[in-house]
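# No sequence on hand, only this structure:
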């Protein structure tokens, strides 16, 4: 895929006799970053799907670890989408969807929620991609979605988040899945962010001393 900061390959897959396309991000094609451990971005992509799947929202395409032609990496189902649409064009009319996105990004500590990482699929759903720089164990949240600051979190979303909290407790299934992908401090930090979010009960403000927006914004 052109203009990607890491190797990002569109591949053809065959699953149970069905053909589909997927995005393959091999570990060996990851650009080293000073603030994330080398060779871990593909695992963070999978971890984001694990959390979204446990929550029931938002829509992250199914993402797994696979050993492909370029070695181990993440493999994510390719979603067909409208390339003219993104958060800045969709935010007002799909506010409820983006409330979920904002909460999800707080939990996973997403350091790069650009507007263009929010896709309008051909199925009419909002799909989220590019979660390789998430789950740091120190504050790094950078997102274009700050419109909901200080709003109360809707009751149903709080209930869903509490369910995730249970799954992230020691012995919980989601915690066990994440522990295969992240370090123990990163998993503990994820549970801690979720706990603080629930205690706050509102959409949080940016962390003091942390640049709150990604660049470029789209």
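Perfect, I can see it now. All values reported here derive from a predicted model rather than from experimental measurement. Numbering: from 1, shown residues only.
# what residue ranges in the chain score low on pLDDT?
Within the chain, the segments meeting pLDDT under 70 span 1-5.
# where along it do the strands fall?
Remark: strands assigned in the chain by DSSP state E are 9-15, 18-26, 63-68, 71-77, 118-120, 126-128.
# Tell me which of these sits nearest to residue 90.
Among these, the nearest to residue 90 by C-beta to C-beta is strand 118-120 (6.1 Å). Using the backbone N, CA and C atoms, a C-beta is placed for each residue, glycine as well.
# now for the closest one, which elements pack on it?
Contact partners of strand 118-120 among helices and strands, from 3 or more C-beta pairs under 8 Å, 6 or more residues apart in numbering; DSSP states H and E: helix 87-90, strand 126-128.
# rerun at 6 Å
Here strand 118-120 touches no other helix or strand, going by 3 or more C-beta pairs under 6 Å, 6 or more residues apart in numbering; DSSP states H and E.
# going forward can the numbers begin at 54, since that is how I track them
Renumbered: residue one is now 54, and that last one reads strand 171-173.
# strands paired with that strand, and their directions?
strand 179-181 (antiparallel) (DSSP bridges).
# For the strands of the chain, please prepare a markdown table with the additional fields distance to residue 110.
Output for the strands of the chain, formatted as a markdown table (distance: least, C-beta to C-beta, whole Å):
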| stretch | distance to residue 110 |
| --- | --- |
| strand 62-68 | 24 |
| strand 71-79 | 21 |
| strand 116-121 | 15 |
| strand 124-130 | 17 |
| strand 171-173 | 13 |
| strand 179-181 | 10 |
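# of the ones you listed, which approaches residue 109 most closely?
For these, the distance to residue 109 is smallest for strand 179-181, at 13.8 Å, taking C-beta to C-beta.
# picking up where we left off before, out of the strands of the chain, which one sits most buried?
Comparing the strands of the chain by mean neighbour count (mean count of other C-beta atoms under 10 Å), strand 171-173 ranks first with a mean of 24.
# outside of it, which residues touch it?
Strand 171-173 has contacts (C-beta atoms under 6 Å, 6 or more residues apart in numbering) with 134, 135, 138, 139, 140, 179, 180.
# shouldn't the fourth one be in contact with residue 167?
No - Residue 139 sits out of contact with residue 167 when judged by C-beta atoms under 6 Å, with a separation of 8.2 Å.
# Quick one: neighbours of residue 219, just the number.
Using other C-beta atoms under 10 Å, the number of residues around residue 219 comes to 12.
# Correction: the previous question concerned residue 145.
Neighbours around residue 145, by other C-beta under 10 Å: 9.
# Spit out the contact partners of residue 147.
residue 179.
# coming back round to it: which one of the strands of the chain lies closest to residue 203?
With C-beta to C-beta as the criterion, residue 203 lies closest to strand 171-173 of the strands of the chain, at 21.9 Å.
# Scan this structure for its longest helix.
helix 237-253 (DSSP state H).
# Tell me which other helices or strands that helix touches.
If contacts are counted by 3+ C-beta pairs under 6 Å, 6+ apart, helix 237-253 sits against helix 148-161.
# and the helix it packs on, how far out from the chain's middle?
With C-alpha atoms, centre = their mean, to the nearest Å as the basis, helix 148-161 stands 10 Å off its chain's centre.
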